[in-house]
Structures are given as structure tokens and as C-alpha cells.
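1. Provided below are the primary sequence and the corresponding predicted coordinates.
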Amino acid sequence: MAPNLMLIDHVHVSVKDRKLAEQWYKDVLGFERVAEFDKWATDKGPLTIGNAQGNIHLALFESENIQNTVIAFSVTAENFFAWIEHLNDKGISVNPIDHDLSWSIYFRDPDGNPFEITTYEYAAIHGYMEWDA
């Protein structure tokens, strides 16, 4: 049996321009530079950004070869709707997708990296979508 894992430490994200990407992640996802890892953000090292709670870190690596791996964030049903509104306000159009056990929205950063925001509070979203239709 494999030993237990504590949590996901960080996810590598390929971007063409770290400075532009840093601004997009700040504006859209609210991620800020993690000061304690700033010394890595030289040459080819990662620029580490994270959420305000400090439990999600992305390591932005500058590269011409963008690797598209979906990064999914979990939210409550209430925040699911707030994210739809927030993304629409940023000019990012999303359509909720019913996965039978969860609801998700998908979008991409300017370099084409795909993101998903998911809620497992299925009934709350499903009831609203049924009523809204």
C-alpha cells in the first residue's frame, strides 16, 4: 500500500510570459505572488502564485511549449454561481455542465491552459438549473 499523501503542494503551469500570466491569474482567480518563493522566479525557475488562504499554489513556468492539463478547483454551490458571475464580468463566457454527480464550468487562461470549477453540491445546482430553464 502507498503511504498517505497530505495535499497537492503545487501544480506546474506552462505560460508564454510569466509577467502577463501573473496579472491574469491575479485579476481572474485572485492569486498573488508567494513572496517566500520569489527567489525561484529567476531564469527558468517557477513564479509561484497562490490563493489568499494559502492552500492552492501554481508554479508558472515560462515556455513556448504549453502543456494543457486541466486544473480543477472545488467550490460550494453558492460560490459556483459567484464564479460564473465573476468570470462573465471578466469577459469569460462559461456554461454549466451537468456531470450527474457534480456541476462544472470550464475556461482557459490566455495561454490556453484549461481550468475547471466544480461543485459536488449537485442538488442545489440541479434544482436551480431545473427552475431556471
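-> Thanks, I have the structure now. Numbers count the residues shown, from 1 in each chain.
2. show me where the protein has its helices.
-> Here the chain has its helices, by DSSP state H, at 18-29, 77-89, 122-132.
3. any chance of the ones you listed in a markdown table, plus mean neighbour count?
-> In this view, the C-beta of every residue, glycine as well, is placed from N, C-alpha and C. Putting the helices of the chain into a markdown table (neighbours: other CB atoms under 10 Å) gives the following:
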| stretch | mean neighbour count |
| --- | --- |
| helix 18-29 | 16 |
| helix 77-89 | 15 |
| helix 122-132 | 12 |
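4. what about the strands in the protein?
-> In the chain, strands defined by DSSP state E lie at 11-15, 32-33, 47-50, 57-62, 71-74, 97-98, 103-108, 114-119, listed in chain order.
5. and the ones you listed, which is most packed in?
-> Sort the strands of the chain by mean neighbour count, taking mean count of other CB atoms under 10 Å, and strand 47-50 sits at the top with a mean of 22.
6. got a list of what the residue positioned nearest the centre of the chain touches?
-> Nearest to the geometric centre of the chain sits Phe115, at 5.2 Å (CA atoms, centre = their mean). Contact partners of Phe115, counting by CB atoms under 8 Å, 6 or more residues apart in numbering, are 70-73, 106-109.
7. who touches Phe73 in this structure?
-> 56, 115-118.
8. picking up where we left off before, measure the residue nearest to the centre of the chain to Asn95 for me?
-> Noted for Phe115: a distance of 14 Å to Asn95, by CB to CB, to the nearest Å.
9. partners of the residue lying closest to Val34 once chain neighbours are set aside in the sheet?
-> If the residues on either side of it in the chain are set aside, Val34 comes closest to Thr48, at 4.4 Å by CB to CB, 6 or more residues apart in numbering. Beta-bridge partners recorded for Thr48 (DSSP bridges): Ala59.
10. correct me, but Thr48 touches Gly54?
-> No - contact criterion CB atoms under 8 Å: Thr48 and Gly54 do not qualify, at 11.3 Å.
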